[in-house]
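Undergrad: what follows is a predicted protein model with its sequence.
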Amino acid sequence: MTTKTVSDSNSPFIESREQLIASFARGEKPKERWRIGTEHEKFVYARDDHRAPSWDEPSGIRALLTELQQYGWTPVMENGSLIALNGADGSVSLEPAGQFELSGAPLENLHETCAETGRHLDQVKAAGEKLGIGFLGLGMWPDKTRAELPIMPKGRYAIMLRHMPRVGTMGLDMMLRTCTIQVNLDYATEADMAQKFRVGLALQPLATALFANSPFTEGKPNGFLSYRSHIWSDTDPARTGMLPFVFEDGFGYERYADYMLDVPMYFVYRDGKYIDAAGLSFRDFLKGELSVLPGELPTLDDWTDHLSTAFPEVRLKTFLEMRGADGGPWNKICALPALWVGLLYDQGALDAAWDMVKGWSIEGRQALRDAVPKLGLDAPLPGGGTLRDIAGEVLDIANSGLAARAQTNRSGDNETGFLDPLRDIVRSGKVPAQQLLDRYNDIWGGDLSKVYDEQSF
């Protein structure tokens with residue numbers, strides 16, 4: 001989730017609807033300036049007893065952030081609390097229960113992305129060795145109840161924790177017990193954004209299946225392959241989902257702005273503090289009628305903040321976020337941007353992917369998304385067959401897109417090798433969660449503590 005790092009004092013007031021729409025147009029970039037931004041989260045645990053450390057204990061989350069500053073990271077404070085770091089490799093931030101996130105810098109190619117990931121993991125593992133903490137790569141805490149988890153000292157999280165139970169049954173699970181990998185990608189024009197958005201939404205269930213890695217809850221199998229994905233089905237329907245309007249004729253910046261104006265607010269940030277505006281309307285804010293700030297108009301920073309509070313399967317800011325994947329091990333972190341860069345950053349690949357999914361109905365896309373958390377690659381496709389039937393073809397399209405980019409490392413290797421972990425999954429027929437369940441039922445003998453030995457970074 002977004003960490004606020006700059007003052008809002010100089011942000012211009014919003015005086016017209018056109019400013020909202022123009023905020024998306026500002027993201028347009030020519031192809032040579034397209035970049036890759038990768039975000040990945042991991043669970044932090046104490047090695048001696050596997051508990052989740054608090055922010056303020058001697059070897060806790062604050063100590064971890066402090067230790068990382070030796071690598072050139074600079075601290076980000078909120079009301080006197082160290083809650084994030086900024087540096088050349090992007091930012092390090094905290095999810096609500098201390099899940100540790102790297103929001104990587106915008107990079108030119110996947111070789112740079114994987115190098116960045118490697119640097120970050122080397123740093124956190126070295127800090128963890130000193131503090132007695134480890135890092136777990138899964139999509140959901142396998143053995144923790146909500147009550148066992150700490151809360152980080154971030155103002156927006158306090159507001160969200162109060163609001164989530166009002167609008168869904170699993171929002172607190174989303175905040176406290178899940179981890180994800182995401183990739184942020186650019187677009188050239190409004191039409192390019194729309195095509196990428198549509199392909200991203202339609203094929204997001206395939207990414208969810210390939211990265212499904214959350215089959216345990218509170219110490220036992222939960223009946224799902226991606227319980228993290230299932231959690232989103234009852235988190236907050238006003239700000240989640242598959243966004244059917246994206247597939248309507250004429251979809252563009254204006255239609256997404258209308259959607260965001262209908263998403264209820266969480267907060268307004270003023271003078272270093274978060275003001276609770278949960279459930280209120282940004283449309284009222286535009287009229288100076290927000291009850292918690294009567295007579296005050298929003299700024300462009302307020303709009304940027306508001307854009308970060310919707311959680312659909314694909315999200316638009318000044319870039320597109322692919323949001324369907326569970327957290328996982330190191331090679332999966334590199335594989336997710338490989339999948340989406342391959343599909344979306346080459347026009348031939350993008351067209352081929354769109355040809356594959358453009359005939360799917362709204363109902364069929366929703367049914368596919370609903371089935372994936374339990375069924376993975378066996379989820380039924382609109383029109384017949386299963387995800388398993390198209391997974392190899394989609395990877396072939398992504399491979400062709402990466403090959404066309406011809407981005408090589410010093411050894412002359414292009415980016416296609418980063419798809420290998422996904423090809424292994426398709427060849428084996430088992431997604432990561434199924435492999436974990438096999439181990440749980442076989443060599444682990446039902447002892448879930450073994451997951452810490454095998455799934456830690």
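TA: Cool, the structure landed.

Undergrad: pull out the CA atoms of the longest strand seen in the chain and give them to me as CSV.
TA: Assignment by DSSP state E gives strand 36-46 as the longest strand of the chain. Only the C-alpha atoms of strand 36-46 are listed here, as CSV (Å, rounded to 0.1, in the frame of the first residue of the first chain):
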residue,chain,number,x,y,z
ILE,A,36,8.9,-1.8,-15.1
GLY,A,37,8.1,-1.3,-11.5
THR,A,38,7.9,-4.5,-9.3
GLU,A,39,6.4,-4.7,-5.8
HIS,A,40,6.8,-7.7,-3.6
GLU,A,41,5.8,-8.4,0.0
LYS,A,42,7.0,-11.0,2.5
PHE,A,43,6.1,-12.0,6.0
VAL,A,44,8.5,-11.2,8.8
TYR,A,45,8.8,-13.8,11.6
ALA,A,46,11.0,-14.4,14.7
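
Undergrad: next helix or strand past it?
TA: Downstream of strand 36-46, the first helix or strand assigned by DSSP states H and E is helix 61-68.

Undergrad: before we move on, the earlier item: what about the longest strand of the chain, distance to the chain center?
TA: Centroid displacement of strand 36-46 relative to its chain, using C-alpha atoms, centre = their mean, to the nearest Å, is 10 Å.

Undergrad: check stretch 177-195 too.
TA: 10 Å.

Undergrad: what is the end-to-end distance of it?
TA: Across stretch 177-195, the terminal residues are separated by 33 Å (C-alpha to C-alpha, to the nearest Å).

Undergrad: enumerate the positions of that stretch that are buried.
TA: Within stretch 177-195, the residues that count as buried by 16 or more other C-beta atoms under 10 Å are 177-188, 190, 192-195. In short, each C-beta sits where N, CA and C put it, glycine included.

Undergrad: could you list the low-pLDDT ranges of this structure?
TA: 1-9 (pLDDT under 70).

Undergrad: again, only this time at 90
TA: By pLDDT under 90, the weakly predicted segments of the chain are 1-10, 383.

Undergrad: looking at the buried residues of stretch 177-195, which are in strands?
TA: Thr180, Ile181, Gln182, Val183, Asn184, Leu185.

Undergrad: which strands and helices sit next to the longest strand of the chain?
TA: Judged by 3 or more C-beta pairs under 8 Å, 6 or more residues apart in numbering; DSSP states H and E, strand 36-46 is in contact with strand 100-103, helix 110-131, strand 133-136, strand 180-185, helix 330-344.

Undergrad: to Thr318, which of those lies closest?
TA: Of all the helices and strands packed on strand 36-46, the one in closest proximity to Thr318, counting by C-beta to C-beta, is strand 180-185 (9.5 Å).

Undergrad: so which elements touch that closest one?
TA: strand 36-46, strand 320-326, helix 330-344.

Undergrad: mind putting the ones you listed in TSV, mean neighbour count included?
TA: As requested, the helices and strands packed on strand 180-185 are exported to TSV (neighbours: other C-beta atoms under 10 Å):
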stretch	mean neighbour count
strand 36-46	24
strand 320-326	26
helix 330-344	26
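
Undergrad: how about TSV for these, with distance to Asn409 added?
TA: Conversion of these to TSV gives the following (distance: least, C-beta to C-beta, whole Å):
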stretch	distance to Asn409
strand 36-46	15
strand 320-326	23
helix 330-344	12
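
Undergrad: quick one: closest of the ones you listed to Ser308.
TA: strand 320-326 (9.8 Å).

Undergrad: now find how far off-centre the closest one is within its chain.
TA: Put simply, strand 320-326 sits 5 Å off its chain's centre (C-alpha atoms, centre = their mean).

Undergrad: go on, stretch 360-367?
TA: 23 Å.

Undergrad: contacts for that stretch?
TA: Where contact means C-beta atoms under 8 Å, 6 or more residues apart in numbering, the residues beyond stretch 360-367 that reach it are Leu201, Ala202, Met242, Pro244, Phe247, Leu368, Pro380, Leu381, Pro382, Gly383.

Undergrad: so which of those residues sit within helices?
TA: Among the contacts of stretch 360-367, the members found in helices (DSSP state H) are Leu201, Ala202, Leu368.

Undergrad: any chance you could map the strands in the stretch 301-450 of the chain?
TA: 311-312, 314-316, 320-326 (DSSP state E, counting those that start in this stretch).

Undergrad: okay if I get the ones you listed as TSV plus distance to Gln347?
TA: TSV is the format used below for those (distance: least, C-beta to C-beta, whole Å):
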stretch	distance to Gln347
strand 311-312	25
strand 314-316	19
strand 320-326	16
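
Undergrad: among those strands, which comes closest to Met265?
TA: Closest approach to Met265 among the strands of the stretch 301-450 of the chain (C-beta to C-beta): strand 311-312, 14.0 Å.

Undergrad: I'd like to know which elements the closest one is packed against.
TA: So strand 311-312, by 3+ C-beta pairs under 8 Å, 6+ apart, packs with strand 240-241.

Undergrad: my read is that Glu116 contacts Leu107, right?
TA: Yes: under the criterion of C-beta atoms under 8 Å, Glu116 makes contact with Leu107 at 6.5 Å.

Undergrad: and for these two, which residues touch both?
TA: Residues touching both Glu116 and Leu107 (C-beta under 8 Å, 6+ apart) are Thr38.

Undergrad: circling back to that earlier point, tell me the angle the longest strand of the chain makes with helix 330-344.
TA: Counting by axes from the mean of the first three to the mean of the last three C-alpha atoms, to 10 degrees, strand 36-46 lies at 160 degrees to helix 330-344.

Undergrad: nearest residue to Thr318 other than its sequence neighbours?
TA: Nearest in space to Thr318, with sequence neighbours left out and distances taken as C-beta to C-beta, 6 or more residues apart in numbering, is Gly27 at 3.1 Å.

Undergrad: save the ones in helices among the contacts of stretch 360-367 as JSON lines, and put in distance to Asn79 too.
TA: Putting those into JSON lines (distance: C-beta to C-beta, whole Å) gives the following:
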{"residue": "Leu201", "distance to Asn79": "37"}
{"residue": "Ala202", "distance to Asn79": "42"}
{"residue": "Leu368", "distance to Asn79": "44"}
